[in-house]
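Novice: Here is my input, please return the structure:
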Amino acid sequence: MYCGCNPTALSSQLQISRALMHLMLEKPYSTVSVSELCRAAGVSRPTFYALFSSMENVVLFTLQERACQLPPVTGESPLEHLCRGYSLYISDNRDYLRLLARNDVGYLLYDSIYESLIACSECLRGPDRKYAANFIAGGVTGVIREYCAAEPPPDQETLFRILMSLFSGAFWK
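Specialist: Numbers count the residues shown, from 1 in each chain. Predicted structure coming up:
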């Protein structure tokens, strides 16, 4: 995936990302071709492959683009900060997350969360950080799956409390 700062390339990435979202509203992700996506985005196939290695890469780009970065709240523990950030991210991106679930590409959400936790040197520390990143990514992905299926979905504060209970172990008897 292209990670530079060329304004034309960045604009093309956004066009491709938005075009894929629109196409997934009309038809299943698995039936969208790169050629069709390029036509919808108004870019050439060489441009697509200069910016993305695959269609999955476009989904990962969109997830990263929508990722939340909350500043720490004074007096908030790292766990509270994590849960607040994910509860806000989930509630703000419900439609997109439902679209991913409906198109059977929710596994990319897991990968995106895991990679963002590993890439953040301030998020997790110690020799077991990969285990922690896997645990958190699995937990958040599972909560997102339930949230997307719920009618009506819980509000952001309820979602925060669910995540806090999950990660603090409050569900155990």
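Novice: where's the spatially most central residue of the chain, which helix or strand?
Specialist: Geometric centre of the chain, nearest residue: Leu63, 3.6 Å, by Cα atoms, centre = their mean. Leu63 belongs to helix 55-65 when assigned by DSSP states H and E.
Novice: and if you look at Tyr89?
Specialist: Using DSSP H and E, Tyr89 maps to helix 78-92.
Novice: Buried residues, that helix. List them.
Specialist: For helix 78-92, the neighbour count (16 or more other Cβ atoms under 10 Å) marks Glu80, Leu82, Cys83, Arg84, Gly85, Tyr86, Ser87, Tyr89, Ile90, Ser91 as buried. Every C-beta, even on glycine, is put in place using the N, C-alpha and C of the backbone.
Novice: and if you look at stretch 17-30?
Specialist: By neighbour count on 16+ other Cβ under 10 Å, the buried set for stretch 17-30 is Ser17, Ala19, Leu20, Met21, Leu23, Met24, Tyr29.
Novice: Now intersect the residues you listed with the helices, please.
Specialist: Among these, the residues falling in helices (DSSP state H) are Ser17, Ala19, Leu20, Met21, Leu23, Met24.
Novice: okay, those in TSV with distance to Ala170 next?
Specialist: Below are those laid out as TSV (distance: Cβ to Cβ, whole Å):
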residue	distance to Ala170
Ser17	37
Ala19	43
Leu20	38
Met21	36
Leu23	41
Met24	36
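Novice: Sort out which one of those residues lies nearest Glu122 for me.
Specialist: Ser17 (27.0 Å; Cβ to Cβ).
Novice: Enumerate every residue touching the residue nearest to the closest one when sequence neighbours are not counted.
Specialist: Spatially, and ignoring its direct neighbours in sequence, Ser17 is nearest to Thr62 (4.6 Å; Cβ to Cβ, 6 or more residues apart in numbering). Listed by Cβ atoms under 8 Å, 6 or more residues apart in numbering, the contact set of Thr62 reads Ser17, Leu20, Met21, Tyr96.
Novice: Good, wrapping up.
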